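> Okay, structure incoming, though there's no sequence with it:
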Ligand SMILES: [Mg+2]
């Protein structure tokens, strides 16, 4: 299975940033200062944390400054190559075509003026999975309903059936998010020095049914105008320069019901989207956590795909469904961290790459560490809330307060060893009433 470390990232950085004139007179858009750091540093750090190592920057305006700032990437543990815009403006497609000699067989393409905090492991996984079924590209899409810009994508279930940015239609309720993956051969057919927009390739692929979709749930940030730059600065200050209390929530048995799975004749996590049911008061409790001033993160072990009971794609679908449904009820979660691994291969296992002795499967605290690398978190004021020993152990390991939900029986004490929960609650709603108000 190809992972992020093997995938090349191509970044379009040639834009002039005309709407940001007062900031870009001297400097390219990607280097505009945001809270003491160039804008693109935030996105590059994010991608490096997902494991991407190989980058190609497509540069034009003030190319010298970008090269001077990022160099060959070695001080960040990555490699960066450069492709230069010539005299003629080639559009997004032409700029990628011009870099053809530097491109690998498959690559992720993003824009140097966007901040997109999505699950890139899912992007890579879905792209290569799609390829096995004849797809040649992947587009990340956001349910938009004309919130940010004109919607331009028609989805049918999880299938992308039309992308057209020039002819908006009423059935379009998704928008292309800005991160895509492509086969190199899609660009090789164009003559060098021909100007064209990537939208042309995207439209043709969508009509041919060769475009895989990844539905993302988090808004993006861009710096196209002084207003959006100010908005991103505010976001960055909260996320990186301050610390905030957080609630780490286990998922199954806390947010949603454990279900009886006919397929496997066991009580288990939901293995299909239709099996996902919220527990009473979960939505209300999450709203309370948010109102009390906490980040809400979901940290969840989901070994179902590793055990062959479902696919990793379906596990992602279930999380996306939950996040969307919560947001629709005014209970937005801030992030979700999932461990899809299992240490042992089972007879039904199909996705072998999920079999791993990892450091993220609770009781290991790896998922919590991932959240800590991404956000400024005040650990002593934060809580891990779950219905099993492994939740309590994972939380204690990093110094969080812990709330155990359910009946606390004697065998629990034995399994917990010298660890004990800070509180025991009968329900998530009781847990929500126990946590301190941090407003
Ligand atoms: Mg649980």
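Cool, the structure landed. Just so it is clear, the model here is predicted, and its values are computed rather than measured.

> How about the residues of the stretch 101-250 of the chain by the ion?
residue 250 (C-beta under 5 Å from the ion). For the C-beta atoms, the positions are set from N, CA and C on the backbone; glycine is no exception.

> all strands of the stretch 101-250 of the chain, in order?
Using DSSP state E, counting those that start in this stretch, the strands of the stretch 101-250 of the chain run over residues 106-111, 114-115, 137-143, 153-156, 159-163, 174-183, 211-216, 221-222, 246-249.

> strands paired with the first one, and their directions?
Next to strand 106-111 in the sheet, as set by DSSP bridges, lie strand 8-12 (parallel), strand 174-183 (antiparallel).

> What are the buried residues along the first one?
Read that as strand 8-12. Across strand 8-12, burial judged by 16 or more other C-beta atoms under 10 Å covers 8, 9, 10, 11, 12.

> correct me, but the third one touches residue 103?
Think residue 10. Yes - look at residue 10 against residue 103 with C-beta atoms under 8 Å: they come within range, at 6.9 Å.

> intersection of neighbour lists for those two?
Residues touching both residue 10 and residue 103 (C-beta atoms under 8 Å, 6 or more residues apart in numbering): 56, 96.

> How about the closest residue to the ion within the stretch 101-250 of the chain: what's its closest non-neighbour residue?
The stretch 101-250 of the chain approaches the ion most closely through residue 250 (4.4 Å), counting by C-beta to the ion. Nearest non-adjacent residue to residue 250, counting by C-beta to C-beta, 6 or more residues apart in numbering: residue 386, 3.3 Å away.

> Test my guess that residue 130 contacts residue 205.
No - in this structure, residue 130 is not within contact of residue 205 by C-beta under 8 Å, at 10.8 Å.

> Need the overlap of contacts for these two.
In contact with both residue 130 and residue 205: no residue, using C-beta under 8 Å, 6+ apart.

> export the strands of the stretch 101-250 of the chain to a markdown table and tack on mean pLDDT, mean neighbour count and distance to residue 30?
Listed next are the strands of the stretch 101-250 of the chain as a markdown table, based on pLDDT from 0 to 100; neighbours: other C-beta atoms under 10 Å; distance: least, C-beta to C-beta, whole Å:
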| stretch | mean pLDDT | mean neighbour count | distance to residue 30 |
| --- | --- | --- | --- |
| strand 106-111 | 97 | 22 | 9 |
| strand 114-115 | 94 | 21 | 10 |
| strand 137-143 | 94 | 23 | 20 |
| strand 153-156 | 89 | 18 | 26 |
| strand 159-163 | 89 | 19 | 25 |
| strand 174-183 | 95 | 23 | 14 |
| strand 211-216 | 95 | 24 | 21 |
| strand 221-222 | 91 | 20 | 11 |
| strand 246-249 | 98 | 27 | 30 |
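
> Throw those strands into CSV and include distance to residue 382, thanks.
Output for those, formatted as CSV (distance: least, C-beta to C-beta, whole Å):
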stretch, distance to residue 382
strand 106-111, 31
strand 114-115, 25
strand 137-143, 29
strand 153-156, 36
strand 159-163, 38
strand 174-183, 30
strand 211-216, 26
strand 221-222, 25
strand 246-249, 4
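
> so which of the ones you listed comes closest to residue 324?
strand 137-143 (7.1 Å; C-beta to C-beta).

> Direction included, what does the closest one pair up with?
By DSSP bridges, strand 137-143 pairs with strand 174-183 (antiparallel), strand 211-216 (parallel).

> residues contacting the residue of the chain found nearest the ion?
Residue nearest to the ion within the chain: residue 253 (3.7 Å; C-beta to the ion). When contacts are counted by C-beta under 8 Å, 6+ apart, residue 253 touches 279, 386, 387, 388, 405, 406.
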